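Chemist: no sequence for this one, just the structure:
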């Protein structure tokens, strides 16, 4: 058995766990509740404080740039991650299927926001820590973190719009590059190892340099791991 066949076998085992063990989908729901619930709590708590409009604008702008860059880095790491064994293996394998089946099922956008927030396992402990320390952080930093978390979840909507929804408002926002442009994101699926950012893609010139330095690309690597996969996971998006 060659290395590719070993990885394909590991991928299929991980997906079998993801499909048959309710724990994994339950865990994702718990992460969604923590992430979205934490954002709601931050909104309730922080908007009791006064901060000038200009500071809100600056805070939001910083968070917007950071969210695009950080979520792009996470996407880059996950696309090239082939560690299918261990606790996170089934989540990693399931993540790779967004290249196999790029089309989403159409759902209400708020439900997409909630469901896709469950993929952001990294964000849950950061939100909990922020809520625990919020009284000790500056108001400006607290708002910046809140906007960062919200925009990180919204990035999933931006990606969802690229694959599923057309409409005047969405198309206009994509045209002026407030959210991810379809043509820009299409290069991620057609080419290799580029354009990982998915809030609006502004960070991709930098992320593409990082990706070229550290990864060889997914087309001839992790994308091949699901070539023999024929499970239910392709129907769950």
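Modeler: Sure thing, it's come through. Nothing here was measured: the structure is a model prediction, and the numbers come from that model.
Chemist: so what does the longest helix seen in the chain touch, helix or strand wise?
Modeler: When the chain is parsed with DSSP state H, its longest helix is helix 53-79. Contact here means 3 or more CB pairs under 8 Å, 6 or more residues apart in numbering; DSSP states H and E; on that basis helix 53-79 packs against helix 89-100, helix 139-163, helix 204-214. Where you see a C-beta, it was placed from the backbone N, CA and C, and this is true even at glycine.
Chemist: As JSON lines, those with mean neighbour count and mean pLDDT would be great.
Modeler: Shown next, in JSON lines, are those (neighbours: other CB atoms under 10 Å; pLDDT from 0 to 100):
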{"stretch": "helix 89-100", "mean neighbour count": "20", "mean pLDDT": "93"}
{"stretch": "helix 139-163", "mean neighbour count": "22", "mean pLDDT": "96"}
{"stretch": "helix 204-214", "mean neighbour count": "15", "mean pLDDT": "97"}
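Chemist: Of these, which is nearest residue 64?
Modeler: Of all the helices and strands packed on helix 53-79, helix 139-163 sits nearest to residue 64, with 5.8 Å by CB to CB.
Chemist: How far off centre is the closest one?
Modeler: 10 Å (CA atoms, centre = their mean, to the nearest Å).
Chemist: Show me what counts as buried in the next helix or strand after that helix.
Modeler: Using DSSP states H and E, the helix or strand that directly follows helix 139-163 along the chain is helix 168-175. Applying a neighbour-count criterion of 16 or more other CB atoms under 10 Å, one finds 170, 173-174 buried in helix 168-175.
Chemist: For residue 159, which non-adjacent residue is closest in space?
Modeler: On the basis of CB to CB, 6 or more residues apart in numbering, the spatially nearest residue to residue 159 that is not a chain neighbour turns out to be residue 198, at 4.3 Å.
Chemist: wait, doesn't the one you found sit right on residue 185?
Modeler: Yes: using CB atoms under 8 Å, residue 198 makes contact with residue 185 at a distance of 6.7 Å.
Chemist: any common contacting residues for these two?
Modeler: Residues touching both residue 198 and residue 185 (CB atoms under 8 Å, 6 or more residues apart in numbering): 159, 162.
Chemist: okay, the angle between the helix or strand that contains residue 45 and helix 89-100?
Modeler: Per DSSP H and E: residue 45 is located in helix 22-46. Put simply, helix 22-46 runs at 80 degrees to helix 89-100, going by axes from the mean of the first three to the mean of the last three CA atoms, to 10 degrees.
Chemist: elements contacting helix 22-46?
Modeler: So helix 22-46, by 3+ CB pairs under 8 Å, 6+ apart, packs with helix 3-20, helix 89-100, helix 109-117, helix 123-133, helix 139-163.
Chemist: Quick one, which of those gets closest to residue 54.
Modeler: That would be helix 139-163 among the helices and strands packed on helix 22-46, by CB to CB, at 11.1 Å.
Chemist: could you check the angle helix 22-46 makes with that closest one?
Modeler: Using the same axes, to 10 degrees: helix 139-163 against helix 22-46 is 130 degrees.
Chemist: re earlier: turn the buried residues of helix 168-175 into TSV, columns for pLDDT and distance to residue 211.
Modeler: Converted to TSV, the buried residues of helix 168-175 look like this (pLDDT from 0 to 100; distance: CB to CB, whole Å):
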residue	pLDDT	distance to residue 211
170	92	27
173	93	26
174	94	23
